[in-house]
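Q: Sequence and predicted structure below; questions after.
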Protein chains: 4
Amino acid sequence: MRVGFIGLGAMGLPMARHLVAADHDVVVASRSRGPIDAAVAAGAREGSGPAGVVAASTVTILCVPNSADVVAVIDDALPELREGKIVVDASTIDPEVERAQHERVHATGAAYLEAPLSGGTVGAENGTLTLMVGGEATTLEAARPALEPFAGLIVHVGGPGLGQVAKLCNNLIFAAQMLATAEATTLAAKSGIDLRVLHEILVHSTGDCTAVRTRIPFEGVLPDSPASNGWKPGFMTDLMAKDLDLTTAHAARIKSPMFTPGVVRQLLTAASEAGYGREDLSALGKIVRRLAGV
Amino acid sequence: MRVGFIGLGAMGLPMARHLVAADHDVVVASRSRGPIDAAVAAGAREGSGPAGVVAASTVTILCVPNSADVVAVIDDALPELREGKIVVDASTIDPEVERAQHERVHATGAAYLEAPLSGGTVGAENGTLTLMVGGEATTLEAARPALEPFAGLIVHVGGPGLGQVAKLCNNLIFAAQMLATAEATTLAAKSGIDLRVLHEILVHSTGDCTAVRTRIPFEGVLPDSPASNGWKPGFMTDLMAKDLDLTTAHAARIKSPMFTPGVVRQLLTAASEAGYGREDLSALGKIVRRLAGV
Amino acid sequence: MRVGFIGLGAMGLPMARHLVAADHDVVVASRSRGPIDAAVAAGAREGSGPAGVVAASTVTILCVPNSADVVAVIDDALPELREGKIVVDASTIDPEVERAQHERVHATGAAYLEAPLSGGTVGAENGTLTLMVGGEATTLEAARPALEPFAGLIVHVGGPGLGQVAKLCNNLIFAAQMLATAEATTLAAKSGIDLRVLHEILVHSTGDCTAVRTRIPFEGVLPDSPASNGWKPGFMTDLMAKDLDLTTAHAARIKSPMFTPGVVRQLLTAASEAGYGREDLSALGKIVRRLAGV
Amino acid sequence: MRVGFIGLGAMGLPMARHLVAADHDVVVASRSRGPIDAAVAAGAREGSGPAGVVAASTVTILCVPNSADVVAVIDDALPELREGKIVVDASTIDPEVERAQHERVHATGAAYLEAPLSGGTVGAENGTLTLMVGGEATTLEAARPALEPFAGLIVHVGGPGLGQVAKLCNNLIFAAQMLATAEATTLAAKSGIDLRVLHEILVHSTGDCTAVRTRIPFEGVLPDSPASNGWKPGFMTDLMAKDLDLTTAHAARIKSPMFTPGVVRQLLTAASEAGYGREDLSALGKIVRRLAGV
């Protein structure tokens, strides 16, 4: 299948490589030279910008940072869209903006899916990402060969926008876990508990969750955690802040009160102000620890 | 071994039965007649109140509702305590009050442990509770035969009070999971997402946690959840409120700021006001849903 | 002076009337027929849309609901702007969007001020509004004759955007007062205190504030309060929600953590969901009271 | 009238002086020597501890730090209480504990009032304190000559405990004002606004409140503010933390949800951890500023 790929970031480049490895004819575009060269070295062809990629492909996948970027790509590609072509947006963006892109693309006769991702750069490298798909089931079946090479799980959530909502729900819960884990471990450390012992308890109790398993925000407690590895991202603090803002905006729009993001978002702001914005989400633990003096 | 057991509630009675089944000579006391008769029918002997139980036992286990109850039992038992006897408090209480009981009991020459429990009534029935032990390691070794019959995991957390702190840390994280899960599922339901699909995604993503796995607060999503079974407790809303208050008080005492309990505690108050205080913790989802109109 | 006025809402119409009364030559535009007719009846002339109003005026004042409306008016008016003309935006909008309008207008050679208002419809009727001005001091001096007819106090806050920031700061504090007042009066009422007695105490103590003085959210406590008059707006709940969102967005942008809007905003969402969005801000008291069952 | 006074702290000593100045026969007790000597120098007599003071007096006023202190004084004084004697507790304590003291004292035939104070050390020096009285109106009339010398306003709030509840309501609103004022001024300062200009606007707008008028938490903005005078107390941060805890506990007991104390209390904890616990409440602004980097 001729598959286009627009946006070769930390997620996009390994995803594109999996498409090449699956014997698709892959055409790529991206903002920076380096990743394009890397994709070409892996066997992809370079397309002529978003419009050129869409013109050359049956299915085109987008993986760009935010709502405005998605809109800009669609702006550019719109003249090339027609029946038989499919666009799949793998970015995490505002569900309302996403719904509008579905409409714009459908108006051309082409089909559109959103498929925000879970699994991080590790999942992208391993080809085990979870895709939360919004759009028509028939479109998903047509696009599936272009998605499976990098997917561990593909779930059809529902109509336009609902894939994005599912992604935001997931990240909301993860953010809450992270703050509570930061606060609990700070309390425990200040009380004099060995955090390796606490970790052993938590993973065997109701507190068990992803944050406890992977992101205790103290150096040396978990060997593989960001805290033990220079807080290097996994999941960037500033991106979680962006996602919580999307969640809050969506919740306000549909009038569904949501208390969890309140404090977390502000501590992420403090983390960003302190220079941790590009570190892993667990860096909000550094703010909690500073307030507690540990 | 002669093992005393004081407090035959929903947790205590099955724990006492496991002690009998392990061939200990078990002496019990409790406030109500029914559980005493049940324990005696299972093979225990009835002691003459807390003091009588302590007098007749080498290791005495307490499992009572709150700090004041523990203090009252120790008040009563104090004249019978002497070197060679061990008291193990399995209740969840204020770490500071617990530390004071360690001191009072040690002053008599007897030994003391705290061992708050995780695992709920199911863990008590199955004898698979997690014990978070605070006190001397040598005391734990001496008491271990009286604990293993109902324990799946025994972790020595540290000195006096630290078992209680570990328990509070666990419950804090669980409470945060629960609110975020209630908010995320409410948002998703109001957006039109099938919550069984969302559940499938969350357990395979970073949102994975105990609340997501077991306590989606909508009827019919998870067959075994409280929501699908009349919100019958598992973990009672009013008890979580009590535990969060202990956490907040401990955090204030050691000056470790903690934002998570703020809103959760107040929504638990609203749940209690609405008559859900004796239902499962997931009943706070009913408050979130009411505010969102779903 | 030839003064244009665009946006004859509940604030704009009485402001325009004050300009006519001050013997200015007033040209108006608005979305609906009724207010235009009312302004014309008062002595104003009808302009041909935003562009026509700007073409006919030296100073043009905008008073429209939100950021997008301001941008749309400037889009329309831009071809008519040139040196010697001044635009004054009296709307409350995003400081960043406002800064961009300053730049767009300055690029034409015209001058621009922002002057968001405090004082509500009562202040507009009485001509006693407070204006929080952002922009050049010399522009303010030139525009002053077109502002004084409806102003009780004109404060030059600083450069572009800073008038908006000052307005958002004010509304943040007012919102916090309102939630605390709602919670305190609900607690007092549920405890059995006569709220007229509590009000007497609060206005003589450190709790004294605008919300206490004017917006006790129980019927019959203050004769002139919204609660005693069908919750009829003064300051609409949905508008406060909008302003808090602008505040939160600005705070995130400049990385200034801000915890106060968190819960208030969500209770405003609940109020809007419950159908109180067009009632006075004090209607969030109805949500607090419902959660407390009083 | 023979008036006893127990607790000669920063509030109590000047209150006792006003009683002497009003020609009462004043008998005092306190923990430290210094204030007793100062009261004696002013014309009071030294009593023999709480019991001795009560034995020697018709009306005895208590002004001690917390619930436990009040209970200890009543413990001591109980044998001396009988019909014809009145105890007035001017401390701020838990309404439930206060209700219990009413009952204990009434059981002796004596009468009891609570009368927590507003107005701070300045009000105590000037004799202009606000008293929020809980108890019987007839007891208040009998005690009034012993209260008026230091009171600017005496309000009979209602029955036992309700004076304390009114005091807690006031402090809750004041705390909310303070956090919002700290956040708004931090946002404004970081945006580049001159805070003297902002202050001028806020006192003329809906943001007007005690915190805005007296406690802008930046040095040099208000000449008389704590911030401009070494953050010296007015109202001590750790005492506000205590009062918020009483409020939260009372709200939980009567099931009246209350979101405001959540974050404020935790930032007060951070302030205390940072060493500002004995500074004025406005010192929580130093925490907000630190998180924002201004």
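A: All right, it came through fine.
Q: For the rest of this, base every contact and every neighbour count on C-alpha atoms.
A: Will do.
Q: in the stretch 1-150 of chain A, which spans are strands?
A: Assigned by DSSP state E, counting those that start in this stretch, the stretch 1-150 of chain A shows strands spanning A:2-6, A:25-29, A:45-46, A:59-62, A:86-89, A:111-114, A:117-118, A:129-134.
Q: Restricting to C-alpha, output the fourth one in CSV.
A: When you say that, I think you mean strand A:59-62. Extracted C-alpha coordinates of strand A:59-62, given in CSV (Å, rounded to 0.1, in the frame of the first residue of the first chain):
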residue,chain,number,x,y,z
VAL,A,59,-3.4,6.4,3.4
THR,A,60,-1.6,9.4,5.0
ILE,A,61,-0.8,9.4,8.7
LEU,A,62,-0.2,12.6,10.6
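Q: Let me see the domain layout of chain A.
A: Domain assignment of chain A by automatic domain parsing yields the ranges A:2-158, A:165-292.
Q: Between the strands of the stretch 1-150 of chain A, which shows the greatest average number of neighbours?
A: Stretch with highest mean neighbour count among the strands of the stretch 1-150 of chain A: strand A:111-114 (a mean of 29; mean count of other Cα atoms under 10 Å in any protein chain shown).
Q: tell me which strands and helices it is in contact with?
A: On a contact count with 3 or more Cα pairs under 8 Å, 6 or more residues apart in numbering or on different chains; DSSP states H and E, strand A:111-114 meets strand A:86-89, helix A:95-106, strand A:129-134, helix A:137-147.
Q: In CSV: the ones you listed, plus distance to A:P35 and mean pLDDT.
A: Converted to CSV, the helices and strands packed on strand A:111-114 look like this (distance: least, Cα to Cα, whole Å; pLDDT from 0 to 100):
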stretch, distance to A:P35, mean pLDDT
strand A:86-89, 19, 98
helix A:95-106, 26, 98
strand A:129-134, 20, 97
helix A:137-147, 20, 98
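Q: Chain B is nearest to which of the ones you listed?
A: Proximity to chain B, assessed across the helices and strands packed on strand A:111-114 by Cα to the nearest Cα, is greatest for strand A:129-134 (7.4 Å).
Q: Contacts only, for the residue lying closest to A:D76 once chain neighbours are set aside.
A: Once flanking residues are discounted, A:D76 sits nearest to A:A51: 5.7 Å by Cα to Cα, 6 or more residues apart in numbering or on different chains. When contacts are counted by Cα atoms under 8 Å, 6 or more residues apart in numbering or on different chains, A:A51 touches A:D76, A:A77, A:L78, A:P79, A:E80.
Q: ok, 10 Å please
A: Counting by Cα atoms under 10 Å, 6 or more residues apart in numbering or on different chains, A:A51 touches A:A29, A:V73, A:I74, A:D75, A:D76, A:A77, A:L78, A:P79, A:E80, A:L81.
Q: Write a PyMOL command that selects only the buried members of these.
A: Filtering the contacts of A:A51 down to the buried ones (16 or more other Cα atoms under 10 Å in any protein chain shown) takes a single PyMOL command:
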select buried, chain A and resi 29+73+74+77+78+80+81
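Q: Out of the contacts of A:A51, which comes closest to chain D?
A: Using Cα to the nearest Cα, the contacts of A:A51 come closest to chain D at A:V73, 33.6 Å.
Q: Count the neighbours of the closest residue to that closest one other than its chain neighbours for me.
A: Nearest-residue entry for A:V73: A:P50, 6.1 Å, with adjacent residues in sequence omitted and distances by Cα to Cα, 6+ apart. Residues near A:P50, counting by other Cα atoms under 10 Å in any protein chain shown, number 26.
Q: coming back round to it: need the contacts of A:A51 in CSV (columns: pLDDT).
A: Listed next are these as CSV, based on pLDDT from 0 to 100:
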residue, pLDDT
A:A29, 97
A:V73, 97
A:I74, 97
A:D75, 97
A:D76, 96
A:A77, 96
A:L78, 96
A:P79, 96
A:E80, 97
A:L81, 97
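Q: Now intersect the contacts of A:A51 with the helices, please.
A: Per DSSP state H, helices hold the following members of these: A:V73, A:I74, A:D75, A:D76, A:A77.
Q: isn't the first one right up against A:G52?
A: No. The pair A:V73 and A:G52 fails to qualify as a contact (Cα atoms under 10 Å) at a distance of 11.2 Å.
Q: Could you pull up phi and psi at the residue in the stretch 151-294 of chain A that chain B sits nearest to?
A: At 4.0 Å from chain B, A:C209 is the closest residue in the stretch 151-294 of chain A, using Cα to the nearest Cα. With angles defined as degrees, to the nearest 10, A:C209 sits at phi -170, psi 170.
Q: ok, what's across the strand from it?
A: Taking DSSP bridges as the rule, A:C209 bridges to B:C209.
Q: wait, doesn't A:V28 sit right on A:L19?
A: No. Here A:V28 lies out of contact with A:L19, judged by Cα under 10 Å, at a distance of 11.0 Å.
Q: Which residues are in contact with each of these two?
A: Common contacts of A:V28 and A:L19 (Cα under 10 Å, 6+ apart): A:V3, A:G4, A:F5, A:L13, A:A44.
Q: In these, find the pair that's most separated.
A: Within the shared contacts of A:V28 and A:L19, A:V3 and A:L13 form the most distant pair, 13.6 Å apart (Cα to Cα).
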